[in-house]
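In: Sequence first, predicted coordinates after that:
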Amino acid sequence: MRFLGETWGGMEKLGFSNQDVRNVIRDIRRRVFDSRDMNNGMALLRQLQETSFEFFFYRVALDEENRVRGLVWVDDRSLNAYSNFEDVVSFDSTYKTHRYCMPFIPITGVNHYYQNILFNFSLMRNEKETLYKWVLNTWLEAVVNKPP
């Protein structure tokens, strides 16, 4: 967040705050990763997709022990933002969740007010190249294979 704030001329010019990021991580952790039963977490994601008024995309990569390796989700607001402002795209994997030590990968862009906007949310178990490729390819699938 500090880097993004410095890049765009101050934290007040960002379209989201530290607390926004913490809230998203907390909600996902509570709904998916804290679940004793992965089936409950998957059911929640399916429910969010089914009850969304517009668009809700998610993909989960599991390992051989049925544990989450990666999670990508894009809501209708993020998809709409990307369709309007796909010129500049960046991602930052420096933030790690505390409990699970999973890198949180927001993919962001810049709107016409030079504010950062979110195009995607992702969590990864590790920072291996194959998982980064999975996250980026999955995100491209969510945005109908329209690269920046």
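Out: All right, it came through fine.
In: Next, name the residue at the spatial heart of the protein.
Out: Of all residues in the chain, the one closest to the mean position by CA atoms, centre = their mean is Phe121, 0.5 Å from it.
In: Which pLDDT value goes with Ser89?
Out: Quick fix: residue 89 is Val, not Ser. Note for Val89: predicted pLDDT of 91.
In: quick one: it from Phe56, how far?
Out: Going from Val89 to Phe56 by CB to CB, to the nearest Å gives 20 Å. The C-beta positions use only the backbone N, C-alpha and C, and glycine is treated the same way.
In: Same question for Asn137.
Out: 19 Å.
In: Show me which of the two is the more surrounded one.
Out: Phe56 (20 against 13; other CB atoms under 10 Å).
In: how close does the closest residue to the more buried one other than its chain neighbours sit to Leu118?
Out: Leaving out its chain neighbours, the residue that sits closest to Phe56 by CB to CB, 6 or more residues apart in numbering is Gln49, at 4.6 Å. Distance, Gln49 to Leu118, using CB to CB: 18 Å.
In: So for those two, which residue has more residues nearby?
Out: Leu118 (20 against 14).
In: which stretch of helix or strand covers the more buried one?
Out: Using DSSP states H and E, Leu118 sits in strand 116-124.
In: What of Val72?
Out: Using DSSP H and E, the element containing Val72 is strand 68-75.
In: which is the next helix or strand following that strand?
Out: According to DSSP H and E, the helix or strand after strand 68-75 is helix 76-84.
In: Identify all contacting residues around that next one.
Out: Residues outside helix 76-84 that contact it (CB atoms under 8 Å, 6 or more residues apart in numbering): 52-57, 109, 111, 117-121, 142-143, 146.
In: same thing but at 7 Å, please
Out: Ser52, Glu54, Phe55, Phe56, Gly109, Ile117, Leu118, Phe119, Asn120, Val143 (CB atoms under 7 Å, 6 or more residues apart in numbering).
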